[in-house]
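Visitor: Kindly generate the corresponding structure for this input.
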Amino acid sequence: MAAKAASLDGIDWNRIREASVEAAMEIEELGRLMETGTDSDIEFGRLCELLIKYGETDKATALLIANVDEGEDNFKRFQSMLAKPEAAYRAGVASFENQFSSKLKPVRKARFLSVVYQCDPPTRFGEEVQITYDADGQMLADAYDPSSSHAVSLRLSGGVWLEA
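Guide: Reported below is the predicted structural model:
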């Protein structure tokens, strides 16, 4: 398995150690496995469980967004946690369509909550756009023409897509 996107940076190790030294040690070990790409799906799921149990739900959600795909066991297992990001993603796509008067048709999926769309009609930025909900909860887009190397980066702010 390849190294997972995202890391355990920013979690409150002191709070976790105060609650359970054993859990902190297990999280540290599972985190090392995740960061080197040597963890199994079961170990990754266990890491997310422990993070949730010890108050790091946002970190668990970020790891899941960056590392799971629909249909995988961990996606099914934590699907309720992913409902809010999925709804935000759908709203961001709808906002893009409305703001730029263009219907988006999926071309290919890059990963969970990251899809390349064909714009019909093309926007002023190009014929395709990749819209991504990143692990930090931001909606980002790169609009471009497949035949060109030029791209315009956008971010969703307050329901409006702005050039980044």
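
Visitor: contacts and neighbour counts: CA atoms only from here.
Guide: Fine.

Visitor: for the residue most central in space within the chain, helix, strand, or coil?
Guide: Nearest residue to the geometric centre of the chain (C-alpha atoms, centre = their mean): Ile65, 3.4 Å. At Ile65 the chain is in helix, as set by DSSP: H, G, I helix; E, B strand; the rest coil.

Visitor: Which residues are in contact with it?
Guide: For Ile65, the contacting residues are 82, 112-113, 134-135, by C-alpha atoms under 8 Å, 6 or more residues apart in numbering.

Visitor: buried set for stretch 62-80?
Guide: 62-68, 74-75, 78 (16 or more other C-alpha atoms under 10 Å).

Visitor: and that stretch, C-alpha only, in CSV?
Guide: The C-alpha trace of stretch 62-80 is given here as CSV (Å, rounded to 0.1, in the frame of the first residue of the first chain):
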residue,chain,number,x,y,z
ALA,A,62,-9.2,14.5,7.1
LEU,A,63,-7.3,11.2,6.9
LEU,A,64,-10.4,9.5,5.5
ILE,A,65,-11.1,12.2,2.9
ALA,A,66,-7.5,12.0,1.7
ASN,A,67,-7.2,8.2,1.6
VAL,A,68,-10.5,6.3,1.0
ASP,A,69,-12.7,5.7,-2.0
GLU,A,70,-16.4,4.7,-2.2
GLY,A,71,-16.8,1.0,-1.9
GLU,A,72,-13.8,0.4,0.3
ASP,A,73,-14.4,-1.2,3.7
ASN,A,74,-13.2,1.9,5.6
PHE,A,75,-15.5,4.1,3.5
LYS,A,76,-18.5,2.0,4.4
ARG,A,77,-17.4,1.8,8.0
PHE,A,78,-17.1,5.6,8.4
GLN,A,79,-19.6,6.7,5.9
SER,A,80,-21.7,8.7,8.4
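
Visitor: who are the neighbours of the helix ranked longest in the chain, in terms of helices and strands?
Guide: In the chain, taking DSSP state H as the definition, the longest helix is helix 79-100. If you count contacts as 3 or more C-alpha pairs under 8 Å, 6 or more residues apart in numbering; DSSP states H and E, helix 79-100 packs onto helix 57-67, strand 103-111, strand 126-133, strand 160-163.

Visitor: partners of the last one in the sheet?
Guide: As defined by DSSP bridges, the strand partners of strand 160-163 come to strand 151-157 (antiparallel).

Visitor: Using CSV, write out every CA atom in the strand it pairs with.
Guide: The C-alpha trace of strand 151-157 is given here as CSV (Å, rounded to 0.1, in the frame of the first residue of the first chain):
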residue,chain,number,x,y,z
ALA,A,151,-4.7,26.5,-15.7
VAL,A,152,-6.6,28.8,-13.4
SER,A,153,-6.9,27.9,-9.8
LEU,A,154,-10.0,28.7,-7.9
ARG,A,155,-11.3,28.3,-4.4
LEU,A,156,-14.8,28.4,-2.9
SER,A,157,-15.3,31.2,-0.4
